[in-house]
Each structure stands twice: as C-alpha cells, then as structure tokens.
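Visitor: With the sequence up front, the predicted model follows.
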Amino acid sequence: MTDGLRKGLTSYGDAGFSLFLRKAFIKAMGYSDDALDRPIVGITNTFSDYNPCHGNVPDIIEAAKRGVMLSGAMPFVFPTISIAESFAYPTSMYLRNLMAMETEEMIRAQPMDAVIVIGGCDKTLPAQIMAAVSADLPTVVIPVGPMVVGHHKGEVLGACTDCRRLWAKYRAGEIDDAEIEAVNGRLAPSVGTCMVMGTASTMACITEALGLSLPMSATIPAPHAERFRSAEASGRVAAAMAKARGPRPSEILTPSAFRNAQTVLQAIGGSTNGLIHLTAIAGRSPHRIDLDAFDRLGREVPVLVDLKPSGEHYMEHFHHAGGVPKLMAELGELIDLDARTISGETLREIVARAEEVPGQDAIRARDKPIKAEGGLAVLHGNLAPRGAVIKQSAASPKLLQHTGRAVVFESVEDMTARVDDPALEVTADDVLVLRNAGPKGAPGMPEAGYLPIPKQLARAGVKDMVRISDARMSGTAFGTIVLHITPESAAGGPLALVRNGDMIRLDVAARRIELLVDAAELDKRRAALQPRGTPKWAGRGYAHLFNATILQADEGCDFDFMRRDGKG
C-alpha cells in the first residue's frame with residue numbers, strides 16, 4: 001500500500017515520472033526531502049470573510065499543524081467550501097451536499113494519510129463528516145467552538161435564541177428602534193458558532209458522541225486558549241492515525257456509535273436539524289437511522305442539559321460543568337461506554353475522567369431532568385405519512401395537544417407578504433401552515449418553519465401558536481412547531497391538500513398530526529393537483545442536480561446517488 005507523497009499519483013502513464021513531477025513542483029514551496037518523506041495529514045481550511053463562525057480557523061490550523069509536526073508527520077492545508085448560515089442564499093442547507101461532495105473529492109484527489117476537518121457553522125460539520133464517511137480515510141474532526149455570551153442591560157444574551165426572542169419583542173412593539181440596534185451589536189460578541197444549543201452546537205456534541213473528535217471539543221469556547229490546545233492535541237492524534245492507517249470512520253461509526261449520538265441528541269435538547277444530518281451521515285455508512293426507534297429512545301432519555309432554547313444556560317456553562325463527558329456519565333447505561341473513539345480510548349475511559357464540578361446546574365442528574373422525555377419527538381398521521389418532527393422540549397406545554405383551524409401560506413414568499421397583513425383572518429387558536437418550503441419546494445428546505453406570530457396577534461400578547469411546515473427550523477428557535485412534514489408538498493405530500501379552514505389536530509403524547517378531512521375529500525383534492533414540472537430555478541448547473549436527486553427529510557436530504565450504495 002502506498003502512502004505519503006506516493007499516494008494517489010496523477011495519471012501520466014508512468015508512475016515514476018508522476019512522482020518525479022509531483023516532488024519537483026512541491027519543492028517549489030521550499031520543502032525538504034525529509035519533510036516530504038513523512039506521513040501526510042491533510043487539514044481543511046474553511047476560513048472565509050463571509051463566515052464569522054469560522055473566524056478562529058487560521059489559529060486552529062496553526063495549532064493543528066503544530067501537533068502534527070510535533071508527532072513527526074507533515075501537515076498540508078487545503079481549502080474547501082465554507083458555508084455560513086446567515087450569508088448563504090437561498091439557504092445553507094442547499095449547499096451542504098455540495099460541500100460534502102467537494103470535500104470528499106479533495107480528500108480522494110490529494111495525497112494524505114489522514115485528514116483533519118475543521119468546521120462549525122451549522123451545515124459544515126455534517127457535510128465534512130458525510131465526506132469523511134464516504135472517503136473512509138482516518139479523520140479527526142475539530143469544531144470551531146461556540147461564541148462567548150453577550151450582555152444587554154444586565155441580561156445575558158445568546159445568539160440566536162435571544163435574537164429571535166428580542167426580535168419578536170421588537171415586532172410586538174415592546175422594543176424600539178434604538179434598543180434593537182443596540183442589541184444587534186451585542187448578540188455575537190466573538191467569533192464562533194451560536195452559544196446556545198443550535199444546530200452547530202448540536203452537531204459538535206453529536207460528533208463527540210460518535211467518537212470522531214477529542215473529549216470536550218464540542219463545548220470549548222471559540223476564543224479560549226483551551227480551544228487551540230485541543231487543536232494541537234487533535235493534530236497529534238491525526239499524525240498517529242496517519243502512521244497507523246487507522247482507525248477509519250468505518251471502524252468508529254458502529255451501530256452503538258449512532259445510538260450514542262441519538263441518545264446525546266435527545267439529552268441535550270438538540271436541534272431538529274441534527275436528526276436530518278445524522279440520518280444523512282448514517283446513509284453514507286452501512287447503517288440507518290430509524291425514526292420510530294429514535295422516537296422510542298426519546299421516551300427513555302430525559303433532557304439533562306439546561307441550555308437555551310430548552311433551558312436557561314449557554315454553551316460555556318455546559319463546558320465548565322464538564323461538557324459531553326459529564327453528560328454521558330449522567331446518562332449512565334443509556335450510553336454504550338465500550339464504543340471506540342479516534343484517540344484509541346473507549347468512552348468508558350473518557351467518562352471515567354469526567355470532571356465533577358460542585359454546584360453546577362447546567363448538567364442535571366437523571367433524577368432531576370429538565371424534561372422527563374428527550375427533546376425531539378417524531379409524529380405520524382395522514383398529514384405526515386413518513387414522519388414529522390417537533391422539538392417538544394422548546395414547545396409550549398399547553399399547545400402539545402391542540403386542534404385548530406388551518407391558515408395556509410403557499411410559500412415562504414406568500415407568508416412574508418401576508419403574515420402581517422391586518423386583513424389576515426387569524427386567531428391565536430389557529431394553526432399556521434406553510435407549504436412548498438421543503439427540499440424541492442423552496443429549494444433547499446430553509447429555516448422558515450419558525451413562522452413569525454402575525455403582528456396583530458403579537459401586539460395582543462400572543463407568544464406562541466402551533467405552526468406546521470415542510471421546512472426546517474434553526475436549532476436556536478423555540479415554540480410549538482411541527483417540521484419536516486414528509487413527503488413535502490412539492491413532492492405531492494398531503495400538506496399540498498390542506499385548505500384554509502380545515503381542522504388540524506396535534507397530539508404530541510400520541511405522536512400524531514392529523515388533517516381532519518375525510519379520505520374521499522382528500523382523494524378528490526389529490527386528483528386535482530397539477531403535476532410539478534422542473535421549476536425555472538432548476539434549469540441548469542448545481543440547481544438542476546439538486547432538484548433531480550435530492551431525497552426527503554426522513555432520508556437525510558442527501559443526494560440519491562451519494563448514499564453508500566449509490567443510486568439504485
């Protein structure tokens with residue numbers, strides 16, 4: 001087996017010449033033969049001026065390189081796509097699979113014996129892990145880490161749960177222009193990902209639970225020195241993996257690892273996006289995420305992490321309380337502690353070192369949970385034959401069983417145009433329905449599921465309503481919101497059949513979401529649906545590929561040809 005600079009030679013029809021030419025050109029960078037004869041660790045560079053979440057990536061790279069070189073291997077940094085949630089049009093999810101494809105191909109195309117992937121902002125970590133699973137090269141994941149908290153008028157602030165809460169107050173007229181502008185400058189006081197349990201933090205915790213990153217790496221704040229010491233340690237581990245040629249992701253990502261990740265996802269009150277991403281990652285492996293099994297797990301696993309939006313604290317508090325190792329220690333037998341990690345240790349060894357922090361209340365004991373059940377519940381019914389998801393830990397308890405009249409928005413654009421119209425006929429007991437916001441319909445399944453409370457109701461004091469869509473929702477958001485209705489309306493799912501005034505029943509305890517219209521009427525409406533052709537936005541390029549091959553939410557929204565066995 002070839003390794004180092006001899007790996008994956010460019011095809012010129014003469015292997016000796018291929019190596020000669022490769023060495024001749026790389027020596028233009030000033031490398032010595034000693035450097036070039038060592039195992040190579042590739043390091044992805046996802047820094048971008050458009051991505052403040054990744055603002056510390058240059059320093060992480062330097063620390064990781066230091067760790068690689070201290071261990072006798074050679075680091076090679078290479079750029080990949082960088083996706084920032086609030087800067088990606090039409091939505092970052094639209095670009096996740098592109099990043100996964102590009103990262104996989106660059107890992108395959110360039111000589112490296114192990115790879116370090118550095119990511120954070122929502123879709124980057126899942127994209128990189130999807131790539132790593134498919135390339136199956138020894139991989140170390142370094143999350144960029146969460147921001148530190150902000151402050152406003154004596155109150156601790158966290159992006160972006162408090163972004164949404166304070167923006168809702170502004171919409172309701174409780175905050176004026178000057179104050180919302182002041183808040184805008186205080187919500188994100190440092191580089192790093194959102195410091196609440198949004199998708200970025202969720203994926204970092206899932207990654208640690210899977211065994212693909214070092215202990216505590218999910219929670220260390222982005223600007224802290226500890227973040228860079230962890231990156232150096234990650235470089236050392238990557239160098240050891242390069243020399244040993246393993247373990248590879250296929251050796252780490254066992255059924256037990258995926259179950260551990262699902263358990264942690266429930267226990268942290270994690271983002272609904274985490275389920276989609278974990279499903280996509282599993283789809284690149286021989287394993288699968290079963291939504292019904294995930295829901296059953298949620299009935300056993302309590303929410304133990306007291307973090308916004310399900311609780312009160314922030315990521316740095318979770319970190320100082322002991323992080324993911326301490327959480328897994330509290331979860332006890334719900335975690336398979338014999339699962340292996342990239343460091344060569346088992347979770348049992350890691351959990352045995354979990355810090356005991358007197359008086360901390362960010363990580364609860366099993367007998368004093370934040371919520372008795374896990375953060376996420378999977379719903380079924382005639383409105384969601386293949387499932388839907390609700391973050392029950394961040395919902396209003398009084399709305400978890402509710403029947404109301406549908407107020408339907410045809411698209412994100414229609415919702416934007418009409419939701420604040422004084423002429424909109426809506427009451428607090430109604431159910432807001434958004435369709436054509438799924439993977440194909442929007443496109444890219446934007447985080448539009450957090451429908452705003454109509455201004456006329458917000459100004460009357462309404463804080464929450466039942467909201468239903470085939471869209472996604474930011475993990476930082478809160479409310480009684482049913483998401484990922486599958487199949488989506490643009491694919492002919494039942495959401496396309498809902499009309500204004502129809503009654504919808506939500507029963508989270510029974511795990512049901514039902515359109516209370518008889519089957520004969522629904523058959524009549526279905527027969528009247530116009531077939532969906534190729535939309536104008538999907539005429540060429542990546543958009544055409546996306547529209548033609550994107551899977552539904554219950555399959556992780558990967559491309560059909562990118563799963564482990566390809567299309568077939």
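Guide: Sure, I can see it.
Visitor: pLDDT score for D113?
Guide: At D113, the model reports a pLDDT of 98.
Visitor: C557 is in contact with A280, correct?
Guide: Yes - using Cβ atoms under 8 Å, A280 is in contact with C557, at 6.4 Å. (C-beta placed from N, C-alpha, C; glycine too.)
Visitor: Now list whatever residues contact both of these two.
Guide: Counting by Cβ atoms under 8 Å, 6 or more residues apart in numbering, A280 and C557 have no contacts in common.
Visitor: packing partners for the lengthiest helix in the chain?
Guide: In the chain, assigned by DSSP state H, the helix with the most residues is helix 225-244. Packing partners of helix 225-244 (3 or more Cβ pairs under 8 Å, 6 or more residues apart in numbering; DSSP states H and E): strand 40-45, helix 57-70, strand 114-119, strand 139-143.
Visitor: from memory K567 sits against F561, does it?
Guide: Yes - taking contacts as Cβ under 8 Å, K567 lies within contact range of F561: 4.0 Å.
Visitor: what residues are shared contacts of these two?
Guide: With Cβ under 8 Å, 6+ apart as the test, K567 and F561 both reach T549.
Visitor: Just the CA trace of the longest helix of the chain, in CSV.
Guide: Extracted in CSV, the C-alpha atoms of helix 225-244 (Å, rounded to 0.1, in the frame of the first residue of the first chain):
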residue,chain,number,x,y,z
ALA,A,225,-6.7,29.1,24.7
GLU,A,226,-8.1,25.6,25.5
ARG,A,227,-9.6,25.5,22.0
PHE,A,228,-6.2,25.8,20.4
ARG,A,229,-4.6,23.3,22.8
SER,A,230,-7.3,20.9,21.8
ALA,A,231,-6.5,21.6,18.2
GLU,A,232,-2.8,20.8,18.8
ALA,A,233,-3.8,17.5,20.5
SER,A,234,-6.1,16.8,17.5
GLY,A,235,-3.0,17.2,15.3
ARG,A,236,-1.1,14.7,17.4
VAL,A,237,-3.9,12.2,17.1
ALA,A,238,-4.2,12.7,13.4
ALA,A,239,-0.5,12.1,13.0
ALA,A,240,-0.7,8.9,15.0
MET,A,241,-3.7,7.8,12.8
ALA,A,242,-1.7,8.6,9.6
LYS,A,243,1.1,6.3,10.8
ALA,A,244,-1.2,3.5,12.0
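Visitor: I would like the residues contacting the helix or strand that that helix is followed by, please.
Guide: Following helix 225-244 in sequence order, the next helix or strand is helix 249-252 (DSSP states H and E). With Cβ under 8 Å, 6+ apart as the test, helix 249-252 has contacts from 129, 132-133, 136-139, 210-212, 285, 340-342.
Visitor: Restricted to strands, list these.
Guide: Using DSSP state E, T139 are the members of the contacts of helix 249-252 that sit in strands.
Visitor: Name the nearest of the contacts of helix 249-252 relative to E349.
Guide: When those are ranked by distance to E349 (Cβ to Cβ), T341 comes first, at 8.8 Å.
Visitor: For the closest residue to L529 other than its chain neighbours, grab phi and psi.
Guide: Excluding the flanking residues, the one nearest L529 by Cβ to Cβ, 6 or more residues apart in numbering is A496, at 6.1 Å. The phi/psi pair for A496 (degrees, to the nearest 10) reads phi -70, psi -10.
Visitor: Need the mean per-residue confidence for the helix or strand harbouring R165.
Guide: In this assignment (DSSP H and E), R165 forms part of helix 161-171. The pLDDT scores in helix 161-171 average 90.
Visitor: Just the pLDDT for the closest residue to E425 other than its chain neighbours.
Guide: Distances taken as Cβ to Cβ, 6+ apart place V407 nearest to E425, at 7.4 Å, with adjacent residues excluded. pLDDT for V407: 98.
Visitor: and what of R348?
Guide: 98.
Visitor: do the same with M1
Guide: 63.
Visitor: One more: S474?
Guide: 89.
Visitor: Enumerate every residue touching the nearest residue to it once chain neighbours are set aside.
Guide: Once flanking residues are discounted, S474 sits nearest to E447: 4.7 Å by Cβ to Cβ, 6+ apart. Going by Cβ under 8 Å, 6+ apart, E447 touches E85, T91, M93, A471, R472, M473, S474, A477.
Visitor: For E447, what is the enclosing helix or strand?
Guide: Per DSSP H and E, there is no helix or strand for E447.
Visitor: That one and R386, how far apart?
Guide: E447 is 21 Å from R386, where distance means Cβ to Cβ, to the nearest Å.
Visitor: likewise P309?
Guide: 26 Å.
Visitor: of these two, who's got more company?
Guide: Between P309 and R386, counting by other Cβ atoms under 10 Å, P309 is the more crowded of the two (26 against 16).
Visitor: On the secondary structure side, give me the element for that one.
Guide: Here P309 is assigned to no helix or strand, by DSSP H and E.
Visitor: State the pLDDT value of the closest residue to it other than its chain neighbours.
Guide: Using Cβ to Cβ, 6+ apart and skipping residues adjacent in sequence, the residue nearest P309 is F478, 4.0 Å away. For F478, the model assigns a pLDDT of 89.
Visitor: correct me, but F478 touches Q392?
Guide: No - F478 is beyond contact range of Q392, at 11.2 Å (criterion: Cβ under 8 Å).
Visitor: any idea how the protein splits into domains?
Guide: Domain assignment of the chain by automatic domain parsing yields the ranges 38-148+190-352, 150-184, 376-533.
Visitor: Buried deepest among those domains, which one?
Guide: Counting by mean count of other Cβ atoms under 10 Å, domain 38-148+190-352 has the highest mean neighbour count of the domains of the chain, with a mean of 23.
Visitor: Need the distance between the two termini of that domain.
Guide: 35 Å (Cα to Cα, to the nearest Å).
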